[in-house]
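> Just need the structure, nothing else, for what follows:
(one chain, ligands or ions: 2)
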Amino acid sequence: MVRKIVVLNPKGGSGKTTIATNLAAYYASLGQYTVLMDYDSQGSSTRWLSKRPDELPEIHGVATYKSHAGMTRSFAMRMPVEAERVVVDSSAALSKHELLELTRGADKILIPVLPSDIDIHAATRVIADLLLTAKISRRDNRIAVVANRVKPNTLVFRALMKFLNSLDIPVAAVLRDTQNYIRSAAKGVGIHEMTEKRVAKDVGQWIPLVTWLESDGSFNSEIVERTLIASIR
Ligand SMILES: Nc1ncnc2c1ncn2[C@@H]1O[C@H](COP(=O)(O)OP(=O)(O)O)[C@@H](O)[C@H]1O
Ligand SMILES: [Mg+2]
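Numbering: from 1, shown residues only. Ligands and ions are numbered 1, 2, ... in the order given. A predicted model of the protein is given here:
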């Protein structure tokens, strides 16, 4: 069964491409038939994929922004039938129509949020759009936030967590701010594919996220929360 995961946030630089590419690499390294769809005309995911070494597990790239056909049509037409995991990287500005197209049929929607006042404010709008425009119910367990580039023990991080708790949207991961993501991106690999000891902490921070991504509507969030708390320490 194919599972579609959309990484969404109109705010540029929040970590959409970083999360989408790392997630695709993670699934591919598990042996899953993975498709990485690039909906961003900047083509960052596509560029990352072009750098990917041949000997690593294959990720099937689909640069949807190059297509002038309607989004749904191109999505259906170009999706390999073998696909098991579809990870969608999206662009900054999204029209209401595009938001609906992107989220239609999405099993999971990830919203990366940086700990800053501006980003917290922008995230409120995205979440409101998802709940009100795309009519996604909190109860479906389809939306989660990824707190990205976090420096623990900072006031702004605490403000972010307080804000997220008040929204009643799960926080599936807290990813620290580290050069490991920049180094891995330059090589077309994911942090799960790096062997260096210094990425161990980062790999650990993905556990609650990948656990949540496999959860269904009636999922008990306890495991995610437990692994999340462990990963922040
Ligand atoms: N957790 C992180 N730690 C350090 N750098 C990060 C992290 N997440 C993203 N970045 C860097 O921040 C920049 C913007 O991230 P990117 O994923 O391209 O955002 P978006 O796709 O939302 O515009 C990139 O240079 C990326 O390497
Ligand atoms: Mg991007």
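> chain center to stretch 119-138: distance?
Put simply, stretch 119-138 sits 16 Å off its chain's centre (CA atoms, centre = their mean, to the nearest Å).
> Is ligand 1 within reach of that stretch?
No - using CB under 6 Å from any ligand atom, stretch 119-138 stays clear of ligand 1, coming no nearer than 10.3 Å. Glycine gets a C-beta too; all of them are placed from N, C-alpha and C.
> how long is that stretch from one end to the other?
21 Å (CA to CA, to the nearest Å).
> now stretch 40-47
End-to-end distance of stretch 40-47 (CA to CA): 11 Å.
> Quick check: buried residues in that stretch?
Residues 40, 43-46 are the ones in stretch 40-47 that count as buried (16 or more other CB atoms under 10 Å).
> Just those: which are in helices?
44-46 (DSSP state H).
> Out of the helices and strands in the protein, which is least certain?
The helix or strand of the chain with the poorest confidence is helix 71-78; it has a mean of 52 (mean pLDDT, DSSP states H and E).
> what's downstream of that helix, the next helix or strand?
Helices and strands here follow DSSP states H and E; after helix 71-78, the next one along the chain is strand 85-89.
> what helix or strand does the residue of the chain found nearest ligand 2 sit in?
Nearest to ligand 2, among the residues of the chain, is Thr17, at 3.3 Å (CB to the ion). Using DSSP H and E, Thr17 falls within helix 16-29.
> shaky segments in the chain?
Low-confidence segments of the chain, defined by pLDDT under 70: 65-78, 217-233.
> The strand ranked longest in the chain close to ligand 1?
Longest strand of the chain, by residue count under DSSP state E: strand 143-150. Yes - legend: contact between strand 143-150 and ligand 1 by CB under 6 Å from any ligand atom is shown at 148-149.
> other SSEs contacting that strand?
Other helices and strands packing on strand 143-150, by 3 or more CB pairs under 8 Å, 6 or more residues apart in numbering; DSSP states H and E, are helix 16-29, strand 108-113, helix 117-128, helix 155-167, strand 171-176, helix 207-213.
> Throw the ones you listed into CSV and include mean neighbour count, thanks.
Converted to CSV, the helices and strands packed on strand 143-150 look like this (neighbours: other CB atoms under 10 Å):
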stretch, mean neighbour count
helix 16-29, 25
strand 108-113, 25
helix 117-128, 16
helix 155-167, 15
strand 171-176, 23
helix 207-213, 21
